[in-house]
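**Q** what shape does this take:
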Amino acid sequence: QVQLVESGGGLVQAGGSLRLSCAASGSIFSINAMGWYRQAPGKQRELVATITSGGSTNYADSVKGRFTISRDNAKNTVYLQMNSLKPEDTAVYYCKADGYWRGPSFVGGSWGQGTQVTVSS
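**A** Just a heads-up that it's a prediction; the model follows:
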C-alpha cells in the first residue's frame, strides 16, 4: 500500500497564492511521475501539472506561467506553487504518483484524498 497525503489547500482571494504539498509513503520501490489534478463541481477531473523523476514537467495551458510543480525525490514529495490564482482555479486538487510499489515488477499508481482550493473574486 502506498499512501499520498496532501496539504496546503484553503481559501484565498483572487490574485493570491497557495502552495500544495503531497507526501508519499508506504511500500515504495521507486516513483516515476508525480502530478496534480483537479476537479471542479460538475466537471471531470483534469490534469494540472506533472513532473518526472528526472524533473521534466508538463502543465495544462490554463495554468502555464502561474503554477510551478516541483518535487523532492529524497522525501517522495511533490509541490504545487500556485500564483495569480483565479476563481476558475477553484476545485479539489488531487495528487497522483505512478511508479513501482513493493518491488521492480509491481507497477502501481496511487491517488491522494484531495484538498480543497477556493479562490474568491
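**Q** quick one, strands of this structure?
**A** Counting by DSSP state E, the chain has strands at residues 2-7, 10-13, 18-26, 28-39, 46-51, 57-59, 67-72, 77-82, 91-101, 107-111, 115-120.
**Q** TSV for these, including mean pLDDT and mean neighbour count?
**A** (Each C-beta comes from the backbone N, C-alpha and C, glycine too.) Converted to TSV, the strands of the chain look like this (pLDDT from 0 to 100; neighbours: other Cβ atoms under 10 Å):
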stretch	mean pLDDT	mean neighbour count
strand 2-7	95	17
strand 10-13	98	13
strand 18-26	97	18
strand 28-39	96	19
strand 46-51	98	18
strand 57-59	98	15
strand 67-72	98	18
strand 77-82	98	22
strand 91-101	96	21
strand 107-111	93	14
strand 115-120	98	17
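**Q** out of everything not next to it in sequence, what's closest to the residue nearest to the spatial centre of the chain?
**A** The centroid of the chain falls nearest to residue 36 when counting by Cα atoms, centre = their mean (2.6 Å). Leaving out its chain neighbours, the residue that sits closest to residue 36 by Cβ to Cβ, 6 or more residues apart in numbering is residue 48, at 4.3 Å.
**Q** next: residue 118.
**A** Among residues not flanking residue 118 along the chain, residue 11 sits closest, at 4.7 Å (Cβ to Cβ, 6+ apart).
**Q** is that neighbour in contact with residue 115, as I believe?
**A** No. The pair residue 11 / residue 115 is not scored as a contact, 11.9 Å apart, by Cβ atoms under 8 Å.
**Q** how close does the residue nearest to residue 5 when sequence neighbours are not counted sit to residue 45?
**A** Excluding the flanking residues, the one nearest residue 5 by Cβ to Cβ, 6+ apart is residue 23, at 5.4 Å. Look at residue 23 and residue 45: by Cβ to Cβ, to the nearest Å, they are 21 Å apart.
**Q** show me the contacts for the residue lying closest to residue 106 once chain neighbours are set aside.
**A** Of all residues not flanking residue 106 in the chain, residue 100 sits nearest, at 5.9 Å (Cβ to Cβ, 6+ apart). Residue 100 is in contact with 28-30, 32, 106-108, counting by Cβ atoms under 8 Å, 6 or more residues apart in numbering.
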